[in-house]
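Q: Next comes the sequence, and after it the predicted model I'd like to discuss.
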Amino acid sequence: MNWEYSLSGLLVGLLVGITGVGGGSLMTPLLVFLFGFKPSVAVGTDLLFAAITKTVGVGVHHTKHSSVDWKVVTWLAVGSIPFAIATLLVLKHLMDIGKEITGAITFTLGVALLLTAVSLLVRSFLIRRAGKADVPKDQENDLEVIGRFHKLQIPATILTGAVLGVLVTLSSVGAGALGTVALLFLYPKMKTVKIVGTDLAHAIPLTAVAGFGHWTLGNVDFVLLGSLLIGSFPGIWVGSHISAKIPERYLRPTLATILLLIGVKFVLA
């Protein structure tokens, strides 16, 4: 175990607990810039880290409160899992023929961080809009009723899953903040608590498949993974308890600005 990695896990856990932003948006840039890990190793390790921490989150909170729409999770996974596997196969092929994949991962990571920064700024607006929706109790699980695209709701959900599958596999970013905003846009009449739970439940198989694939490619550092987990759990717990005391109108724009700057740096690199 490395105490510096555990401390980083603690700090990222605090920010995740306070802001609700996915850990990949914070952890992967930290591993690359502060500790000098290759982007591929940072992404692979963070994907398994996310799969474990998100599993705990669903087990503790969302299954107990029935706040997961499993139909939406299924349709998202129909798009995300095959595209995640296809992305991994492309990465493996590039590595087998001696092509360097760092550039592709770095660029995609930058794009994902830029999108996450934008999502932080629009998330509150979408949540307020969703809060005004009034759906009869017996229609809350009808995807065409609660969805934006009605008859095309399922294809739109599958397509969104496909985009997330590629983005998350290449960058480890997107399963949290971007997934939530995508669902808020796709399902404006779905309850916010169910949006969060559904996104979290979908992120588990996606990050697990992508993380396992990166493991087979040699992109996972298990000493780093264990150290991060040791620090992150208490960090998330403390952060979630103090989040109500920190004004969101200041915190989210500040975090969005930081992610924007980091994203630009990755894209230009």
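A: Cool, the structure landed.

Q: Touching, residue 178 and residue 114? I think so.
A: No. Contact between residue 178 and residue 114 fails when scored by C-beta atoms under 8 Å: they sit 10.6 Å apart. For the C-beta atoms, the positions are set from N, CA and C on the backbone; glycine is no exception.

Q: gap between residue 41 and residue 252?
A: From residue 41 across to residue 252, the span is 29 Å (C-beta to C-beta, to the nearest Å).

Q: more crowded one of residue 178 and residue 114?
A: residue 178 (24 against 19; other C-beta atoms under 10 Å).

Q: Now find how far off-centre stretch 70-90 is within its chain.
A: 14 Å (C-alpha atoms, centre = their mean, to the nearest Å).

Q: thought residue 224 was touching residue 8?
A: No. In this structure, residue 224 is not within contact of residue 8 by C-beta under 8 Å, at 9.5 Å.

Q: Common neighbours of these two, please.
A: Residues touching both residue 224 and residue 8 (C-beta atoms under 8 Å, 6 or more residues apart in numbering): residue 31.

Q: Would you indicate which residues of stretch 261-269 are buried?
A: Across stretch 261-269, burial judged by 16 or more other C-beta atoms under 10 Å covers 262, 263, 266.

Q: Can I get it as CSV, trimmed to CA atoms?
A: Output of stretch 261-269 as CSV, limited to C-alpha atoms (Å, rounded to 0.1, in the frame of the first residue of the first chain):
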residue,chain,number,x,y,z
LEU,A,261,-8.6,23.6,-18.1
ILE,A,262,-7.4,20.0,-17.6
GLY,A,263,-9.5,18.8,-20.6
VAL,A,264,-7.9,21.5,-22.9
LYS,A,265,-4.5,20.4,-21.8
PHE,A,266,-5.2,16.8,-22.6
VAL,A,267,-6.7,17.6,-26.0
LEU,A,268,-3.7,19.9,-27.0
ALA,A,269,-1.3,17.3,-25.8
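
Q: So residue 42 sits against residue 32, correct?
A: Yes. Assessed by C-beta under 8 Å, residue 42 is found in contact with residue 32 at 5.1 Å.

Q: Neighbour count for these two, which is higher?
A: The neighbour comparison of residue 42 against residue 32 (other C-beta under 10 Å) goes to residue 42, with 27 against 22.

Q: Apart from its chain neighbours, what residue comes closest to the more buried one?
A: Excluding its sequence neighbours, the residue lying closest to residue 42 (C-beta to C-beta, 6 or more residues apart in numbering) is residue 31, at 3.9 Å.

Q: Tell me how many other residues crowd that neighbour.
A: Applying other C-beta under 10 Å, we find 26 other residues in the vicinity of residue 31.

Q: tell me the contacts of it?
A: By C-beta under 8 Å, 6+ apart, the contact list for residue 31 reads 8, 37, 41, 42, 45, 46, 224.

Q: Now do the SS call for the residue nearest to residue 173 when sequence neighbours are not counted.
A: Counting by C-beta to C-beta, 6+ apart, residue 173 lies nearest to residue 112, which is 3.8 Å off, once chain neighbours are set aside. The three-state label for residue 112, taken from DSSP: H, G, I helix; E, B strand; the rest coil, comes out as helix.

Q: neighbours of residue 112, just the number please.
A: By other C-beta under 10 Å, the residues close to residue 112 number 25.

Q: can you tell me how far it sits from residue 177?
A: Distance of residue 112 to residue 177, computed by C-beta to C-beta: 10 Å.

Q: Where does pLDDT dip in the protein?
A: Judged by pLDDT under 70, the chain has its weakly predicted residues at 1, 17-24, 56-66, 127-142, 144, 240-241, 243-250, 269.
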